[in-house]
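# how would this look folded up:
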Amino acid sequence: MVLEELQREGLAEKPRRPVTRMLRISEVEEMTGLKRPTIYKHVKLGTFPRQQPLGCRAVGWRLDDIVGWLERQGGQAVS
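You can find the predicted model right below:
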């Protein structure tokens with residue numbers, strides 16, 4: 001109850017999604033069977049999970065986002 005009051009007053013952050021393993025592009029390619037240009041094409045079209053910044057020049061994908069995407073594809077990658 002104290003946490004909820006602090007959140008309402010803007011003094012505490014709301015809980016975020018649980019931390020999950022981050023995948024680099026090579027791991028995403030291996031899991032999905034898609035190549036880098038195809039992955040970025042589908043990200044741009046909004047049909048693939050967006051990458052998250054990991055640092056100045058590094059990005060990654062949340063493992064649970066990729067697993068969810070694969071499940072929605074019926075376990076089959078889309079080319």
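# Considering only helices and strands, which part of the protein has the lowest mean pLDDT?
Ranking every helix and strand in the chain by mean pLDDT, DSSP states H and E puts helix 2-8 at the bottom, with a mean of 64.
# Dihedrals phi and psi, Ile25?
Here is the backbone geometry of Ile25 (degrees, to the nearest 10): phi -60, psi -40.
# meant to ask about Gln73, not that
phi -90, psi 0.
# Tell me where this protein has helices.
2-8, 25-32, 36-45, 63-72 (DSSP state H).
# packing partners for the last one?
So that's helix 63-72. strand 22-23, helix 25-32 (3 or more C-beta pairs under 8 Å, 6 or more residues apart in numbering; DSSP states H and E). Quick note: C-beta positions are derived from backbone N, CA and C, even for glycine.
# need those in JSON lines with mean neighbour count, mean pLDDT and distance to Leu63, can you?
Listed next are these as JSON lines, based on neighbours: other C-beta atoms under 10 Å; pLDDT from 0 to 100; distance: least, C-beta to C-beta, whole Å:
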{"stretch": "strand 22-23", "mean neighbour count": "18", "mean pLDDT": "96", "distance to Leu63": "6"}
{"stretch": "helix 25-32", "mean neighbour count": "16", "mean pLDDT": "95", "distance to Leu63": "9"}
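# To Leu54, which of the ones you listed lies closest?
Nearest to Leu54 among those is strand 22-23 (6.3 Å), distances taken as C-beta to C-beta.
# follow-up on the earlier one: could I get the helices of the chain as a markdown table with distance to Leu54?
Below are those laid out as a markdown table (distance: least, C-beta to C-beta, whole Å):
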| stretch | distance to Leu54 |
| --- | --- |
| helix 2-8 | 27 |
| helix 25-32 | 11 |
| helix 36-45 | 16 |
| helix 63-72 | 13 |
